[in-house]
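Colleague: Need a 3D model of the sequence below.
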Amino acid sequence: MKTTIDIPDQALADAMRFTGAKTKREAVVKALEQFNRAQKVEALLAAAGTFPDFPTNDEIEAADLEYEERMAKRWAGKP
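Modeller: Here you go, the predicted structure:
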């Protein structure tokens, strides 16, 4: 989508430097992507602990270990 916007020269120069962008367009796109990613991370962190049935890391690791043991027995020919 083409849009005309007025961006302060120093802000654009900083964005190009920080993102490593070669063009103004690339700098704006990268800056928007980084901003959007940061907002998504912030929303995810805000939701942390709000899922009562979400398994803990220890529960996930225990389930993974149990699965690996079952598969090892299956490949070894044990029921």
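
Colleague: Tell me which other helices or strands the lengthiest helix in the chain touches.
Modeller: Criterion DSSP state H: the longest helix present in the chain is helix 24-47. Counting contacts by 3 or more C-beta pairs under 8 Å, 6 or more residues apart in numbering; DSSP states H and E, helix 24-47 packs against helix 9-19. In short, each C-beta sits where N, CA and C put it, glycine included.

Colleague: Flag every buried residue along the helix it packs on.
Modeller: Within helix 9-19, the residues that count as buried by 16 or more other C-beta atoms under 10 Å are 15-16, 19.

Colleague: quick one: which of those residues is nearest residue 76?
Modeller: Lowest distance from residue 76 to these (C-beta to C-beta) belongs to residue 19, with 52.3 Å.

Colleague: Next, the contact list for the closest one, please.
Modeller: Residues in contact with residue 19 (C-beta atoms under 8 Å, 6 or more residues apart in numbering) are 26-27, 30-31, 34.

Colleague: Highest neighbour count among the residues you listed?
Modeller: residue 27 (22 neighbours; other C-beta atoms under 10 Å).

Colleague: Check whether it really touches residue 12, as I assumed.
Modeller: Yes - counting by C-beta atoms under 8 Å, residue 27 does reach residue 12; the two are 6.4 Å apart.
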